[in-house]
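> Have a look at this prediction, sequence included:
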Amino acid sequence: MQFSANLGFLWTELPLPEAIRAAGKAGFAAVECHWPYAFDPAEVNTALSETGMLMLGLNTNRGDVEAGDNGLAALPDRATEARAAIDQAVSYAEAIGARNVHVMAGFARGESAHKTFVENLKYACTRASAANITVLIEPLNHYDAPGYFLQTTDQAMEIIGEVAASNVKLMFDCYHVQLMEGDVGNRLERLQESIGHVQFASVPDRGAPDHGELNYAHVFAIIDEIGYSMPLGAEYKPRGATEPTLQWLTAYG
């Protein structure tokens, strides 16, 4: 297997360009991030070029985090801000050669939120298609993100069907799926045609994938069997420094 370091959680003590270099030195095949916008894309590109790694993806801006925002795209009264965040994310992704943009839904409920999310995703897919970028949507579990609009893979698949664009895909995070729905292996097999990226962490503590209730040797074998060949996203929270938590990378990679 090949793996991508999610720099939203790994090497967070380093500026993004230096975190990219640290991931390359550790043996990762790719990187991904959450919100890279404080860094000049030229600096990011230099680090990517030096390490020979891909930047797989980044997230849309969450909005006013201090006020409690965690995404904007499903909020009916924030459409202008949501589309500005989409424009920002697609432009930045294009500048650094990132393949995916995760459009964050935010905290919302109801049919109006559903319609708003679908319309904003249609906008995102049109905006991203010219740059050959895939739009991702990710269900988040209701323990870590109570009230988040998108919570299950079934809900995500309904929305993907309504958007009806070739460049909208599911971000399948094994950690979130296990907490909300379980049956990770069968879901991977059933949803494989709609999966645009896979992430993982131990369950339930979101640590390195070397303990917990998911057997990642088994999960990774299923991913290999279904023919998914892109690097898998290590989006886990290390306890302390990142390097001492990387024994799993040698074992699985």
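On my side now, so go ahead.

> And the pLDDT for Gly253?
At Gly253, the predicted lDDT confidence score is 80.

> Pull the contacting residues for it.
Met1, Gln2, Phe3, Gly27 (Cβ atoms under 8 Å, 6 or more residues apart in numbering). For the C-beta atoms, the positions are set from N, CA and C on the backbone; glycine is no exception.

> Highest neighbour count among these?
Within the contacts of Gly253, most neighbours by other Cβ atoms under 10 Å means Phe3, with 23 neighbours.

> Look up how far Ala128 lies from it.
25 Å (Cβ to Cβ, to the nearest Å).

> Is the closest residue in space to Asp173 that isn't next to it in sequence in a helix, a strand, or coil?
Counting by Cβ to Cβ, 6 or more residues apart in numbering, Asp173 lies nearest to Gln199, which is 4.2 Å off, once chain neighbours are set aside. Here Gln199 takes the strand state, with states given by DSSP: H, G, I helix; E, B strand; the rest coil.

> what about Gln199, how many residues close to it?
22.

> OK, contacts around it?
Contacts of Gln199 (Cβ under 8 Å, 6+ apart): Asn6, Met171, Phe172, Asp173, Cys174, Tyr175, Leu232, Gly233, Ala234, Glu235.

> Using CSV, please lay out those together with pLDDT and distance to Gly182.
Output for the contacts of Gln199, formatted as CSV (pLDDT from 0 to 100; distance: Cβ to Cβ, whole Å):
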residue, pLDDT, distance to Gly182
Asn6, 98, 23
Met171, 98, 18
Phe172, 98, 14
Asp173, 98, 14
Cys174, 98, 11
Tyr175, 98, 12
Leu232, 98, 19
Gly233, 98, 20
Ala234, 98, 21
Glu235, 98, 19
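
> Separate out the buried members of those.
Listed as buried from those are Asn6, Met171, Phe172, Asp173, Cys174, Tyr175, Leu232, Gly233, Ala234, Glu235; burial here means 16 or more other Cβ atoms under 10 Å.

> show me the contacts for the last one.
Glu235 makes contacts with Asn6, Gly8, Phe9, Glu32, Asp173, Tyr175, Gln199, Phe200, Ala201, as judged by Cβ under 8 Å, 6+ apart.

> Would you double-check that the second one falls in a strand?
No. Secondary structure assignment places Gly8 outside any strand; it is coil (three-state DSSP).

> Now for the nearest residue to it once chain neighbours are set aside, how many residues are close by?
Of all residues not flanking Gly8 in the chain, His34 sits nearest, at 3.4 Å (Cβ to Cβ, 6+ apart). The number of residues packed near His34 is 18, by other Cβ under 10 Å.

> So His34 sits against Gly57, correct?
No. Checked against Cβ atoms under 8 Å, the pair His34 and Gly57 is beyond contact range at 9.6 Å.

> returning to what we had before: could you export the buried ones among the contacts of Gln199 as JSON lines, including secondary structure?
Shown next, in JSON lines, are the buried ones among the contacts of Gln199 (three-state DSSP):
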{"residue": "Asn6", "secondary structure": "strand"}
{"residue": "Met171", "secondary structure": "strand"}
{"residue": "Phe172", "secondary structure": "strand"}
{"residue": "Asp173", "secondary structure": "strand"}
{"residue": "Cys174", "secondary structure": "helix"}
{"residue": "Tyr175", "secondary structure": "helix"}
{"residue": "Leu232", "secondary structure": "strand"}
{"residue": "Gly233", "secondary structure": "strand"}
{"residue": "Ala234", "secondary structure": "strand"}
{"residue": "Glu235", "secondary structure": "coil"}
